[in-house]
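**Student:** Just the structure for this:
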Amino acid sequence: MLIKVFGSAVFGVEATTVTVEVNIDKGIGYHLVGLPDNAIRESSYRIAAALQNTGFRLPGKKITINMAPADLRKEGSAYDLTLAIGILAASDQIKGDRVADYMIMGELSLDGNLQPIKGALSIAIKAREEGFKGFILPKQNAKEAAVVDNLMVYGVENIKDVIRFFNDEGELEPTQLDTRDEFYAALDNPEYDFADVKGQESIKRCMEIAAAGGHNIILVGPPGSGKTMLSKRLPSILPPMSLQEALETTKIHSVAGRIKDNIGLMAQRPFRSPHHTISDVALVGGGAYPQPGEISLSHNGVLFLDELPEFKRSVLEVMRQPLEDREVTISRAKFTVTYPSSFMLVASMNPSPGGYFNDPDSPVTSSPAEMQRYLSKISGPLLDRIDIHIEVTPVPFGKLSEERKGERSIEIRKRVIVARGIQSQRFSEMKGIHYNAQMGVRQIREFCKLNASSKDLLKTAMERLHLSARAYDRILKVSRTIADLETSRDIQEHHISEAIQYRSLDRDGWLG
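**Tutor:** Sure, this is the predicted structure:
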């Protein structure tokens, strides 16, 4: 008897429907075809044990299973439940008249319980597109898939529940999720808050500007000055994700298997902080079976690289293209996958190997030559993609011992949202540009016009501080953001003056 059941394969962040054809005939044998990987080939052992431990059996006949399209490679253990239900239906152990109406996915334990799968959200979206009545999957993934409306999502704990459902012996309870309520409830409760940071008002201001314009930023300072503490709080002042952004972000984390149990839509912007020993592939994505890397997991959020010069140069260089194109394309001989990677880069570093500025009172001192050699580990083209460079100094004891709390992240975010709103309106007719950091040369010339006094100030600063040519456009972009924070239509002198301060690493002789 021939039965068809349906599962799904995920490539990149998109799903492709897989038709599992199960045919049972006279003879003995178990034949699984359609480019399955080792995890799928081993499924026969898991399925046999799970069925035996739930009162069913693997029929002692010739079982032929084809996973179509047969030229598309399938991977992972998520097809266990799909194959098991197909075998039961083809051997008349359950009724097979309704199995083709549902997308079925799940990994089986030997006792019949279901383990979570990757990519549940992408699969649910595909199931709705293809008109399936519902999606049957492990209970741990139910909330994630229930984000998709107009699709019945059934989270189950054991294969026995699925068998009873198809035999009309019991009902499955659909998972209900009010996406909007869950999404907005999580917005105003950031894990880290700028109110916890003592002092560092100038750095907080710099972070606000970076958040308002989507600018990449690098913090340079000695150990203990608060670089990591400040960076971790940046997501709390970024504008809330739209529902579309939240859906994109959740899909990527779902494909990577990074969604926590019983979480539906990700409401908080991601903050990723990989260790400096990370490989090129782990950062950008890839592998034999391509998976999203850290830069894609930080899509719509923040990628924080602590101790930037300690990262391998090859690792840092692979970021150059994603920073420009805001997506990563991974090519293999037979297929190509693309992952979105629109993120804010936040980097921190010590100014020298010892960690301190050229200060005779510091515990460890470094010569200007050592500092220059250390800083030269970061390439010019990468620094060229970082709009804001800021020096961070240690917080004095008087500030640390203050009882008064600083401004809360929610208050800072209100100003950032207003500035982003101005930018959204400004670039509303321009494809691919949503905030100031994305401006190209043409947009800079159109929206960053200076009056005579501002031009003179910028000219003087570039000559006296010996700022590089690449600093010119960056200063204009940042000054445009500062003007937006003040809801100023034109860029004024004080906007240019403040933006000039944020190009520390471009100054000739910065190391003294």
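**Student:** ok, which stretches of the stretch 201-350 of the chain are strands?
**Tutor:** All strands of the stretch 201-350 of the chain, identified by DSSP state E, counting those that start in this stretch, fall at 217-220, 271-272, 285-286, 291-292, 302-305, 327-331, 336-340, 344-349.
**Student:** partner strands of the second one, parallel or antiparallel?
**Tutor:** Strand 271-272 pairs in its sheet with strand 302-305 (parallel), by DSSP bridges.
**Student:** How much space separates the residue positioned nearest the centre of the chain from residue 437?
**Tutor:** Compute the mean C-alpha point of the chain, and by Cα atoms, centre = their mean the closest residue is residue 297, 2.5 Å away. Distance of residue 297 to residue 437, computed by Cβ to Cβ, to the nearest Å: 20 Å. Backbone N, C-alpha and C define where each C-beta goes, glycine included.
**Student:** My read is that the residue nearest to the centre of the chain contacts residue 255, right?
**Tutor:** No - assessed by Cβ atoms under 8 Å, residue 297 is found out of contact with residue 255, at 9.8 Å.
**Student:** related to what we said a few turns ago, out of the strands of the stretch 201-350 of the chain, flag the one nearest residue 157.
**Tutor:** The closest of the strands of the stretch 201-350 of the chain to residue 157 is strand 291-292. By Cβ to Cβ, the value is 27.4 Å.
**Student:** For that closest one, which strands pair with it and how are they oriented?
**Tutor:** strand 285-286 (antiparallel).
**Student:** Off-centre distance for the strand it pairs with?
**Tutor:** Relative to the chain's own centre, strand 285-286 is displaced by 13 Å; criterion: Cα atoms, centre = their mean, to the nearest Å.
**Student:** Check stretch 6-21 too.
**Tutor:** So, by Cα atoms, centre = their mean, the centroid of stretch 6-21 is 22 Å from its chain's centroid.
**Student:** Span of that stretch from start to end?
**Tutor:** End-to-end span of stretch 6-21 (Cα to Cα, to the nearest Å): 9 Å.
**Student:** Return the set of buried residues in it.
**Tutor:** By neighbour count on 16 or more other Cβ atoms under 10 Å, the buried set for stretch 6-21 is 6-13, 15, 17-21.
**Student:** Would you mind listing the two of these that lie farthest apart?
**Tutor:** It's 13 and 21 that sit farthest apart of these, by Cβ to Cβ, at 27.0 Å.
**Student:** so where's the stretch 151-300 of the chain uncertain?
**Tutor:** Residue ranges of the stretch 151-300 of the chain with pLDDT under 70: 179-190, 261-262.
**Student:** would you list every one of the helices in it?
**Tutor:** For the stretch 151-300 of the chain, the helices defined by DSSP state H, counting those that start in this stretch occupy 159-166, 179-185, 201-213, 227-232, 243-255, 280-284, 294-297.
**Student:** Which one of the ones you listed lies nearest to residue 408?
**Tutor:** Closest among those, using Cβ to Cβ: helix 201-213, at 11.3 Å.
**Student:** what angle sits between the closest one and strand 344-349?
**Tutor:** Counting by axes from the mean of the first three to the mean of the last three Cα atoms, to 10 degrees, helix 201-213 lies at 150 degrees to strand 344-349.
**Student:** Identify the residues contacting helix 201-213?
**Tutor:** Identification of contacts with helix 201-213 by Cβ atoms under 8 Å, 6 or more residues apart in numbering yields 194, 197, 215-217, 219, 226, 230, 233-234, 237-239, 344, 346, 387-388, 390, 392, 406-407, 412-413, 415-416, 419-420, 423, 435-437, 477-478, 480-482, 484-485, 502.
**Student:** buried residues in that helix?
**Tutor:** Quick answer for helix 201-213 (16+ other Cβ under 10 Å): 203, 204, 205, 206, 207, 208, 209, 210, 211, 212, 213.
**Student:** and if you look at stretch 210-230?
**Tutor:** 210-222, 225-230.
**Student:** so how far does that stretch reach from one end to the other?
**Tutor:** One end of stretch 210-230 sits 12 Å from the other (Cα to Cα).
**Student:** from the chain's centre, how far out does it sit?
**Tutor:** That offset, for stretch 210-230, works out to 20 Å (Cα atoms, centre = their mean).
**Student:** The lengthiest strand in the chain pairs with which strands?
**Tutor:** Selection of the longest strand in the chain by residue count, based on DSSP state E, yields strand 14-25. Within its sheet, and counting by DSSP bridges, strand 14-25 is paired with strand 2-11 (antiparallel), strand 62-68 (antiparallel).
**Student:** Following it in sequence, what is the next regular element?
**Tutor:** Moving toward the C-terminus from strand 14-25, the first helix or strand encountered (DSSP states H and E) is strand 29-33.
**Student:** Provide the contact partners of the helix or strand where residue 459 lies at residue level.
**Tutor:** Per DSSP H and E, residue 459 falls inside helix 452-464. Contacts to helix 452-464, defined as Cβ under 8 Å, 6+ apart, come from residues 450, 467, 471, 472, 475, 491, 492, 493, 495, 496, 497, 500.
**Student:** so which strand or helix has the fifth one?
**Tutor:** Right, the one you point to is residue 475. helix 470-485.
**Student:** Please compute how far that helix lies from its chain's middle.
**Tutor:** Relative to the chain's own centre, helix 470-485 is displaced by 27 Å; criterion: Cα atoms, centre = their mean.
**Student:** circling back: and the angle for the longest strand of the chain with helix 243-255?
**Tutor:** Here strand 14-25 runs at an angle of 50 degrees relative to helix 243-255 (the same axes, to 10 degrees).
**Student:** All good on my end, thank you.
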